[in-house]
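>>> My questions concern the predicted model and sequence given below.
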Amino acid sequence: MPAFAVSASPHLKLDRPALAPMAYTMFCLRYQDECRLRLLFRGGPVLLTEARWADLKEANRTVNSAIIPEASEPGPAVETWLIDPERGDCNDYAVSKRHKLLQRGWPPRALLLAEVVTASGQHHLVLVVRTKSGDLVLDNLTPQIRSWSRVPYRWVRVQSPGAPRYWRTIAQRGE
């Protein structure tokens, strides 16, 4: 099992409703099954078992190594998010990891796409996995899976766990 440090707040604190990225809306039109609402029999974060930890590591490793990094043209008007492309950017990595975990039986409420800003000011998409141990980040910029509080990003918005077509802002650390 992972030996990562969890901050005093193991989960991202969701704040106000936010518009979904336009590229996400276009993604949902292309991949309708990825965005459909599924019935919830049990809600909340998932228990992080040995098998689930192995799933996360495998999804992160295989997607990070399968896609050749390629920067997309700036601007949402030309941005297209694709599952398992040969070449792609952070968006393609994040949606591919989510797709792989959904195929392995993970509940959609635990697999949230999130927009962050890197130290260099670039907008970046990561996959946040909600577990009872805390929110974990799968990122194409690192092979490590880290707690949300241990990544060097400014958080912008994230999918809502109960309604994936809706997004929410994220309260910054210390708020």
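It's in.
>>> Please make it C-alpha for all contacts and neighbour counts, starting now.
Fine.
>>> Burial check on D55, number of neighbours?
Counted by other Cα atoms under 10 Å, the residues lying close to D55 total 16.
>>> who's in contact with the helix or strand that contains V63?
For V63, the enclosing helix or strand under DSSP states H and E is helix 50-66. Applying Cα atoms under 8 Å, 6 or more residues apart in numbering, the external contacts of helix 50-66 come out as 1-2, 84, 86, 93, 96-97, 100-101, 104, 138-140, 143, 145.
>>> Show me which of those residues are buried.
Among the contacts of helix 50-66, those classed as buried by neighbour count (16 or more other Cα atoms under 10 Å) are 84, 93, 96-97, 100-101, 138-140, 145.
>>> Turn the residues you listed into TSV, including secondary structure, distance to R165 and pLDDT.
Formatted as TSV, the buried ones among the contacts of helix 50-66 follow (DSSP: H, G, I helix; E, B strand; the rest coil; distance: Cα to Cα, whole Å; pLDDT from 0 to 100):
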residue	secondary structure	distance to R165	pLDDT
D84	coil	21	97
Y93	helix	19	98
S96	helix	17	98
K97	helix	18	98
K100	helix	19	97
L101	helix	18	97
L138	strand	20	98
D139	coil	21	97
N140	coil	23	97
I145	coil	25	97
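>>> If anything else comes up later, I'll come back, but that's it for now.
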